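Enquirer: Dropping the sequence and predicted coords here.
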Amino acid sequence: SRLPVDLGTALVDGRLHHFVAHLVVRRSWWRGRVVAVMNAQWIGRWDVAPRSHPDDGLLDVLDGDLGLDDRIKARARLRTGTHVPHPGIAVRRTAALQLAFERPEPVWLDGERVGSARALSIRVEPDALTCVV
């Protein structure tokens, strides 16, 4: 069978990149702002975006900057997706977004670091790919 899949696109430091599952902006997991733009539910064994689906025409965005205690608790709940809702993690669903940072931050697409950026322009391309199973 043939299944449609959305594709994420991101302008990172002036270069266009594509991602299928996720884009993550973070300097460290343990301090500072962490942003996850999800086209899929999972990053490895972590259920990062429990409502995300790769063919809904939307990106699920989680944006947080938690203190160390809350960060440890949220990370422990990532496997079950119960880290959200959390007052320190903003969650939204959108087809496009702009992100800005005070300084260049490392950007990871589908687990691979592609560079650093102070500003990102991200959007979803609905049904851009077809997966043949």
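Expert: Sure, I can see it.
Enquirer: Thought Arg2 was touching Val132, still the case?
Expert: Yes: using CB atoms under 8 Å, Val132 is in contact with Arg2, at 5.6 Å. No exception for glycine: its C-beta is placed from N, CA and C like everyone else's.
Enquirer: On the pLDDT front, check Ser116 for me.
Expert: Note on Ser116: pLDDT of 96.
Enquirer: same check, this time on Val124
Expert: In the predicted model, Val124 carries a pLDDT score of 99.
Enquirer: Okay, buried residues for whichever helix or strand it is part of please.
Expert: Counting by DSSP states H and E, the secondary-structure element that holds Val124 is strand 112-132. Applying a neighbour-count criterion of 16 or more other CB atoms under 10 Å, the buried positions in strand 112-132 are Val114, Ala117, Leu120, Ile122, Arg123, Val124.
Enquirer: got the CA coordinates for the helix or strand bottoming out on mean pLDDT in the chain in PDB?
Expert: Within the chain, confidence by mean pLDDT, DSSP states H and E is lowest for helix 68-77 among all helices and strands, at a mean of 92. What follows is helix 68-77, C-alpha atoms only, in PDB (Å, rounded to 0.1, in the frame of the first residue of the first chain):
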ATOM      1  CA  LEU A  68      16.700  21.700  36.600                       C
ATOM      2  CA  ASP A  69      14.200  19.900  38.900                       C
ATOM      3  CA  ASP A  70      11.300  20.300  36.400                       C
ATOM      4  CA  ARG A  71      13.600  19.300  33.600                       C
ATOM      5  CA  ILE A  72      14.600  16.000  35.400                       C
ATOM      6  CA  LYS A  73      10.900  15.200  36.100                       C
ATOM      7  CA  ALA A  74       9.800  16.000  32.500                       C
ATOM      8  CA  ARG A  75      12.600  13.900  31.000                       C
ATOM      9  CA  ALA A  76      11.600  10.900  33.200                       C
ATOM     10  CA  ARG A  77       8.100  11.200  31.700                       C
END
